[in-house]
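**Q** predicted structure and sequence below. I'll ask about it afterward.
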Protein chains: 2
Amino acid sequence: MSTVTDLKTDKYESNRREAIRAAASVFAAKGYHGASTADIASELGIKQGSLYHYIKSKEEALYEVCLLGIEDYVSRMKSIAGSRQSSEAKLLAVVTSHLASYREKNEAMKVHNDERLYLPKERRGELKRLGTLYRTLLEEILQSGINAGTYRADIDVKFVSKTMIGVCNSWGHHLVRYPELDMFEIVQKCADYFVHGLIETTR
Amino acid sequence: MSTVTDLKTDKYESNRREAIRAAASVFAAKGYHGASTADIASELGIKQGSLYHYIKSKEEALYEVCLLGIEDYVSRMKSIAGSRQSSEAKLLAVVTSHLASYREKNEAMKVHNDERLYLPKERRGELKRLGTLYRTLLEEILQSGINAGTYRADIDVKFVSKTMIGVCNSWGHHLVRYPELDMFEIVQKCADYFVHGLIETTR
DNA sequence: AATAAATTCTATAGATCTATAGAATTTTAT
DNA sequence: ATAAAATTCTATAGATCTATAGAATTTATT
């Protein structure tokens, strides 16, 4: 009996997830305001009005997309941060995870970064919490690299972490827009560049 | 007589520029699709319909804003690239110019970066040309640094230039959003980080 | 097969929003 | 001061677009 109820619920939930993914795709392509609920419905092969069986409002859809975009990305960061590796290995893993996130669930990530500010402030609390958590964990990785003597003691970890996130998002956009780009090549170059910079040294 | 005509023309042109600037401000705050022509008119203190005395369409306004956003920014790059300084000095100047551009005409720059893809492709030719020119000039600066032995010979100049532009745009966004940020501090840190990276070296 | 529940559809109210036309007003030129 | 030109306004046609209500249809249960 409970099995029956669960099955029904599961189907609804799975349809709902489909709807959120369709919204992600449409928002990523046209922007939140440029996209219509008819576009989303059309992506799902249903009529505009039917969409409201799964979402309460267009804004709710945006919120769900943004959450989807950042959640698994933060959880990956958590497991990297908690792992036993060198700071350098962690950094490489972070960049890989960040760019892979764009490649795999690219639309939701993009929407999170480009459109979340269109949500009313009251609705951004959880997103902000997750974003800050992500950056804090990255800062800790950097700090431990400094403590280990691998990285320069005079770097501003907050500045560097924000810069790295900016770089990853920038390349993430390129990856979404140009599917022919080789993700691993970019990851490699980013990590190398983050660590060694431009300058010629005797290594 | 021609003076008279010129004066009139000048006034119209100056009003038109005002309208473009208002559009920049509104597009930056609400996004192209989220902003209405009524918003722009209201910023100017006129009625929605009156706006069309100065622009042919909302899309034309977006185009003009994007052009405004990138033009002077490219011309500054030209003069830096053509100047007689070391590659390192040029790089610092580029970052300064890029971020200052955000600080001064911040809205148009932001709109260029965030909204230009909403223009139909046919209308993006000139913008693309200017953007590519900018990147090419940056690549030349990097290459001359390599040739001079200052920078590592094994860096991918195209990759690095794109990354730098990404970083500048990312910090540009922060600068627009948080006016309390110290631009010169960020410029300094970016330049340092670009060149030296994270790694501890005996310098 | 009959009944209940879930899903989708149609139709629409009520707000937009862009662009235009022509009238009213303000500014400039004679 | 009068005429001409430029600017702004009002009003509106014609397209949107979101969200809802209730009917029709499909799917699941007994």
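**A** Now that the structure is in, tell me what you want to look at.

**Q** count residues in the vicinity of A:K30, would you?
**A** When neighbours are defined as other Cβ atoms under 10 Å in any protein chain shown, A:K30 has 15 of them. In short, each C-beta sits where N, CA and C put it, glycine included.

**Q** what separation is there between A:F194 and B:D39?
**A** 41 Å (Cβ to Cβ, to the nearest Å).

**Q** who has more neighbours, those two?
**A** A:F194 (24 against 17).

**Q** quick one: pLDDT of the more buried one?
**A** In this prediction, A:F194 carries a pLDDT score of 85.

**Q** residues from chain A in reach of DNA strand C?
**A** Proximity of chain A to DNA strand C is confined to A:8, A:11-12, A:15, A:41, A:45-50, A:53-54 under the rule Cβ under 7 Å from any atom of the strand.

**Q** if we use 6 Å, what do you get?
**A** Residues of chain A found near DNA strand C (Cβ under 6 Å from any atom of the strand) are A:8, A:11-12, A:15, A:46-47, A:49-50, A:53.

**Q** please produce JSON lines containing those residues, extended by secondary structure and neighbour count.
**A** As requested, those are exported to JSON lines (DSSP: H, G, I helix; E, B strand; the rest coil; neighbours: other Cβ atoms under 10 Å in any protein chain shown):
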{"residue": "A:K8", "secondary structure": "helix", "neighbour count": "10"}
{"residue": "A:K11", "secondary structure": "helix", "neighbour count": "10"}
{"residue": "A:Y12", "secondary structure": "helix", "neighbour count": "12"}
{"residue": "A:N15", "secondary structure": "helix", "neighbour count": "14"}
{"residue": "A:I46", "secondary structure": "coil", "neighbour count": "16"}
{"residue": "A:K47", "secondary structure": "coil", "neighbour count": "10"}
{"residue": "A:G49", "secondary structure": "helix", "neighbour count": "10"}
{"residue": "A:S50", "secondary structure": "helix", "neighbour count": "12"}
{"residue": "A:H53", "secondary structure": "helix", "neighbour count": "11"}
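
**Q** ok, the residue in chain A that DNA strand D sits nearest to - contacts?
**A** Nearest to DNA strand D in chain A, going by Cβ to the nearest atom of the strand, is A:G49, at a distance of 2.9 Å. Residues counted as contacts of A:G49 (Cβ atoms under 8 Å, 6 or more residues apart in numbering or on different chains) are A:A41.

**Q** DNA strand D contacts on chain A?
**A** Close to DNA strand D, as judged by Cβ under 6 Å from any atom of the strand, chain A has residues A:4, A:7, A:36-38, A:48-49, A:52, A:57-59.

**Q** and which of those is nearest B:L117?
**A** Taking Cβ to Cβ as the measure, A:S36 is the one of the residues of chain A next to DNA strand D closest to B:L117, at 17.9 Å.

**Q** how many residues are close by that closest one?
**A** Neighbour tally, A:S36, other Cβ under 10 Å: 13.

**Q** ok, so what distance separates the nearest residue to it once chain neighbours are set aside from A:I20?
**A** Spatial nearest neighbour of A:S36, excluding adjacent residues (Cβ to Cβ, 6 or more residues apart in numbering or on different chains): A:Q48 at 7.8 Å. From A:Q48 across to A:I20, the span is 16 Å (Cβ to Cβ).
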